[in-house]
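K.L.:
dropping the sequence and predicted coords here.
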Amino acid sequence: MRTFFLFYIINSFVRSPLLAVAIVIAIFYLGEARYTGRYFNPANFMKRRSAIGELRQAIADNDHDVASHNDLGRLLADAGKFDEAAVHMRKAITRMEESPETNFYHGLCLLRTGSPEEGRRFIQQSLTLNPRYDYGTPQIALAREAYERGDHHVALDWAQRAVKLNTSSVEGWVVAGEAQLANGNTAAASDAFARAQSAYNDLPHYLKLAAKKWLKEAKRAAKLIPSGT
């Protein structure tokens, strides 16, 4: 009903049903994106697409260019294309085994493509090479993997390592809260979700957009905890 009323009001101004529909869709998209932090950024999309195209060409010209394999694998993994990314990270790791980034992304691809034990080993190696690499991202990846396979104590350990390294990690506090809740520690879970919200509030404005989806998750999870626990 509210959607129809909004459409009616907009259409009465623009006098074009198609344009009114487009405006309504844009309003709802922007409202949802503002709440979740999931905006589509055309400039970033085109920049990443251009970089991927250039790296593909570099590899076509020289398949032994492991730096290009590494960068392409990283971009593809960040885009969620782990199967394709894994192909390039396998080639990169053969000559970049001392790189924390290469070890992390290679391990992440392995986690996402059905080789969790090997994936964990490479991510842990990235932390051996640089314990502060990406300020908690590897620890969160290991925490999430442990949580998904039901090892909630290990998940909590890695999540706590993540937030110890980076107290501003909203995602880290959310994962810690989820692990605490799975372990039956409702008071600790409630505290972790509260810390996630506090961490979000303390972030500079330019970092809040990416963290907004974790803020939403923290609020949702906190509501599931019975009051007085």
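P.N.:
All right, it came through fine. Numbering: from 1, shown residues only.
K.L.:
could you show me where the helices are in the protein, in order?
P.N.:
Counting by DSSP state H, the segments of the chain that form helices are 2-14, 17-36, 42-61, 66-78, 82-93, 100-112, 116-129, 137-148, 152-165, 170-182, 186-202, 205-223.
K.L.:
just send the ones you listed back as JSON lines, with mean neighbour count too.
P.N.:
C-beta: built from backbone N, CA, C; applies to glycine. Below are these laid out as JSON lines (neighbours: other C-beta atoms under 10 Å):
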{"stretch": "helix 2-14", "mean neighbour count": "12"}
{"stretch": "helix 17-36", "mean neighbour count": "13"}
{"stretch": "helix 42-61", "mean neighbour count": "12"}
{"stretch": "helix 66-78", "mean neighbour count": "21"}
{"stretch": "helix 82-93", "mean neighbour count": "20"}
{"stretch": "helix 100-112", "mean neighbour count": "25"}
{"stretch": "helix 116-129", "mean neighbour count": "18"}
{"stretch": "helix 137-148", "mean neighbour count": "22"}
{"stretch": "helix 152-165", "mean neighbour count": "21"}
{"stretch": "helix 170-182", "mean neighbour count": "26"}
{"stretch": "helix 186-202", "mean neighbour count": "18"}
{"stretch": "helix 205-223", "mean neighbour count": "16"}
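K.L.:
by mean pLDDT, flag the weakest helix or strand of the protein.
P.N.:
helix 17-36 (a mean of 60; mean pLDDT, DSSP states H and E).
K.L.:
so residue 132 is in contact with residue 162, correct?
P.N.:
No. If you go by C-beta atoms under 8 Å, residue 132 and residue 162 don't touch, sitting 11.4 Å apart.
K.L.:
re the thing from before, out of the helices of the chain, which gets the lowest mean score?
P.N.:
When these are compared by mean pLDDT, helix 17-36 comes last with a mean of 60.
K.L.:
can you pull the contacts of residue 135?
P.N.:
Contact analysis of residue 135 by C-beta atoms under 8 Å, 6 or more residues apart in numbering lists 165-166, 169.
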